[in-house]
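[1] this one's structure only:
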């Protein structure tokens with residue numbers, strides 16, 4: 001599967017306005033992706049965008065390969081992720097009580113989920129892809 005086509009034109013998710021200014025026609029890698037700026041509130045979003053079903057299929061199957069160039073994380077990515085997870089745990093420590101549970105939404109390779117039990121915190125991760 002390639003990147004899904006942008007087929008749904010949508011109003012501003014913040015204020016509902018339909019007037020916008022196009023600020024870009026490609027993503028950072030030069031792929032077609034139109035980014036717009038709301039004329040009323042200033043929100044920036046992709047418009048048109050792929051359908052929810054197309055986005056779900058993309059993230060479940062090929063996102064990691066497309067975005068990171070590999071379907072499994074490189075050791076360098078895991079190490080960087082572990083350092084970031086340690087920082088997040090340090091920031092969360094004042095909020096975590098004995099027996100606390102943590103849900104990491106968008107967990108990537110699962111570094112935070114891996115480290116949390118070492119701090120006495122039950123953890124689970126949620127991510128759209130099956131690759132990581």
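    Perfect, thanks for sending it. These numbers come from a predicted model, not from an experiment.

[2] burial of the closest residue to residue 38 other than its chain neighbours, as a residue count?
    Nearest residue to residue 38 in three dimensions, chain neighbours excluded: residue 12, at 4.3 Å (Cβ to Cβ, 6 or more residues apart in numbering). Using the backbone N, CA and C atoms, a C-beta is placed for each residue, glycine as well. Residues near residue 12, counting by other Cβ atoms under 10 Å, number 21.

[3] In this structure residue 12 contacts residue 20, no?
    Yes. In this structure, residue 12 is within contact of residue 20 by Cβ atoms under 8 Å, at 7.0 Å.

[4] for residue 39, what are its contacts?
    17, 19-21 (Cβ atoms under 8 Å, 6 or more residues apart in numbering).

[5] swap the cut-off to 6 Å and go again
    Taking Cβ atoms under 6 Å, 6 or more residues apart in numbering as the criterion, residue 39 is in contact with 19-20.

[6] Now it: phi and psi?
    phi -70, psi -20 (degrees, to the nearest 10).

[7] Go through the top helix by length along the chain and flag the buried ones.
    Once the chain is assigned using DSSP state H, the helix that runs over the most residues is helix 75-92. Buried residues in helix 75-92, defined by neighbour count with 16 or more other Cβ atoms under 10 Å: 77-78, 81, 85, 88-89.

[8] Give me the common contacts of residue 12 and residue 20.
    In contact with both residue 12 and residue 20: residue 38, using Cβ under 6 Å, 6+ apart.

[9] circling back: any idea how far the longest helix of the chain is from the chain center?
    On the basis of Cα atoms, centre = their mean, to the nearest Å, helix 75-92 is displaced by 16 Å from the centre of the chain it belongs to.

[10] Centre-most residue in this structure?
    residue 106 (5.8 Å; Cα atoms, centre = their mean).

[11] mind checking how far the nearest residue to that residue once chain neighbours are set aside is from residue 55?
    Spatial nearest neighbour of residue 106, excluding adjacent residues (Cβ to Cβ, 6+ apart): residue 127 at 6.0 Å. Here residue 127 is placed at a distance of 14 Å from residue 55 (Cβ to Cβ, to the nearest Å).

[12] Alright, I will stop here.
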